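In: A structural model of the following input is requested.
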Amino acid sequence: MLSYIAEAETLLNCKTKPSDNEAVRPGGSNIDEDASLLEKVLGLLRDIHREAVSAEKHANELDSLSMSLTDPHYRQVIAGLLDFVVFQGIFPFLSPGVGTPYEQRVRITTYNAVRRSYPQPRLNLGLLSKVIDYLLREISEHAGIGVEPYIRDRILPDIVCGAAELAYSPVSDTCANEERDVMRRKFRPILKSFLDT
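Out: Here you go, the predicted structure:
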């Protein structure tokens, strides 16, 4: 897991400005680069989570692996990964006025990749759907272990907003009806989980 944490920290401290030959949108960063970094961040979260879940299941072998997610440094890295997911994979897809903007958040990490201007709004909801599905799967399958407590504690309101966008937003009318129906069925338990915390 230490190698995943180190890789995550390197990724979060990546360059803040695209090179001169890259196309930049008004939000301040390259669209393709954002999507690529988001894929990498989700992969790292998945890998860290799997290692932590495996360590939890073998808790009788109490080693540094199972204890590492409680280390403040590792918690900061995980928080940075989650903040990146919110600002690159959820917030850009929300309707105007939905969600808590970057400037108004009380807890925010200081990694370069997170501090970049968040992207301009996007209408293609496929990436949002992928992000929400991943986060919901981790919450539902591994309650209380791995990165799930961090997801629940740090970004559950953002997940609720993203799921609501997919289920009820007028923009999501472009999604297939089956996808909207699936998200509407998922939304009620998500909202209940949010209200119960």
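In: quick one: residues contacting the residue nearest the centre of the chain.
Out: By C-alpha atoms, centre = their mean, the chain has its centre lying nearest to residue 85, at 3.0 Å. With contact set as C-beta atoms under 8 Å, 6 or more residues apart in numbering, residue 85 has these partners: 38, 41, 42, 45, 131, 135, 155. Using the backbone N, CA and C atoms, a C-beta is placed for each residue, glycine as well.
In: so it versus residue 187, what's the distance?
Out: 19 Å (C-beta to C-beta, to the nearest Å).
In: still on that earlier bit, can I get the contacts of residue 85 in TSV including pLDDT and distance to residue 149?
Out: Putting the contacts of residue 85 into TSV (pLDDT from 0 to 100; distance: C-beta to C-beta, whole Å) gives the following:
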residue	pLDDT	distance to residue 149
38	85	22
41	90	18
42	92	18
45	92	13
131	90	19
135	87	13
155	90	12
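In: and those as JSON lines, adding distance to residue 75, secondary structure and neighbour count?
Out: As requested, the contacts of residue 85 are exported to JSON lines (distance: C-beta to C-beta, whole Å; DSSP: H, G, I helix; E, B strand; the rest coil; neighbours: other C-beta atoms under 10 Å):
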{"residue": "38", "distance to residue 75": "21", "secondary structure": "helix", "neighbour count": "18"}
{"residue": "41", "distance to residue 75": "16", "secondary structure": "helix", "neighbour count": "23"}
{"residue": "42", "distance to residue 75": "19", "secondary structure": "helix", "neighbour count": "18"}
{"residue": "45", "distance to residue 75": "13", "secondary structure": "helix", "neighbour count": "24"}
{"residue": "131", "distance to residue 75": "21", "secondary structure": "helix", "neighbour count": "22"}
{"residue": "135", "distance to residue 75": "18", "secondary structure": "helix", "neighbour count": "28"}
{"residue": "155", "distance to residue 75": "14", "secondary structure": "helix", "neighbour count": "19"}
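In: secondary structure class for residue 103?
Out: helix (DSSP: H, G, I helix; E, B strand; the rest coil).
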